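1. coordinates only, no sequence provided:
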């Protein structure tokens, strides 16, 4: 998870597990409907690194009362290019799910049977964790799942904290949390 090597909310162990086909992180195997193509799997690895390591998801964190988690992200605005590239690279693969778990006795179908568009995939694949947007990376109004160089997502999070609409959280507390996590994790090393 190298994009977050300088500032991460995850451990090196989490980064390593993100690259495993059957990771303990989510108790889910990427090869659940046959061997997933490498180009498709790469997006799931990037997604896992983004979710687990990004220190800039504060504006979209929601408290939940579930047995397996106490918080989740909701409607994180993804860049249009990221959604389209993920969908393009997976459209010839198969899956048995529309959200984050395969229903009991589900049958494997072509990716596009569950996700006919990039928008449907981005918004449904993790139960509305992501929001499809028309924003491109250059706008500074969407989060990037993967990047090289300085983290562009910090400015995006600041935009939504300060001026963006649709942020359902109290800005002051989230800002404090964001700053605290950023300060504590500065210089944390993550292996690729």
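-> Thanks, I have it. Keep in mind that this is a model prediction, so the values were computed, not measured. Numbering: from 1, shown residues only.

2. compute the number of surrounding residues for the closest residue to residue 3 other than its chain neighbours.
-> Among residues not flanking residue 3 along the chain, residue 147 sits closest, at 5.3 Å (C-beta to C-beta, 6 or more residues apart in numbering). Bear in mind the C-beta positions are built from the backbone N, C-alpha and C, glycine included. Residues within reach of residue 147, counting by other C-beta atoms under 10 Å, total 18.

3. what helix or strand does residue 147 sit in?
-> Using DSSP states H and E, residue 147 maps to neither a helix nor a strand.

4. surely it meets residue 4?
-> No: contact status for residue 147 versus residue 4: not in contact, 9.7 Å apart, counting by C-beta atoms under 8 Å.

5. just to revisit the earlier point, and the residue nearest to residue 3, its phi and psi?
-> Here is the backbone geometry of residue 147 (degrees, to the nearest 10): phi -160, psi 170.

6. what distance do you get for it to residue 68?
-> Residue 147 sits 29 Å away from residue 68, going by C-beta to C-beta, to the nearest Å.

7. tally up the residues packed near residue 73, please.
-> Neighbours around residue 73, by other C-beta under 10 Å: 19.

8. residues contacting it?
-> 51, 57, 60-62, 129 (C-beta atoms under 8 Å, 6 or more residues apart in numbering).

9. repeat that with 6 Å
-> By C-beta atoms under 6 Å, 6 or more residues apart in numbering, the residues touching residue 73 are 57, 60-61, 129.

10. go on, residue 128?
-> residue 74.

11. which SS class is it?
-> Classification of residue 128 using DSSP: H, G, I helix; E, B strand; the rest coil returns coil.

12. report pLDDT for it.
-> Listed pLDDT for residue 128 reads 91.

13. now residue 131: closest residue in space, sequence neighbours ignored.
-> Spatial nearest neighbour of residue 131, chain neighbours left out: residue 75 (4.2 Å); criterion: C-beta to C-beta, 6+ apart.

14. so how far is residue 141 from the closest residue to residue 74 other than its chain neighbours?
-> Excluding its sequence neighbours, the residue lying closest to residue 74 (C-beta to C-beta, 6+ apart) is residue 62, at 4.8 Å. Residue 62 sits 20 Å away from residue 141, going by C-beta to C-beta.

15. who has more neighbours, the two?
-> Ranked by neighbour count (other C-beta under 10 Å), residue 62 and residue 141 place residue 141 first, with 17 against 12.
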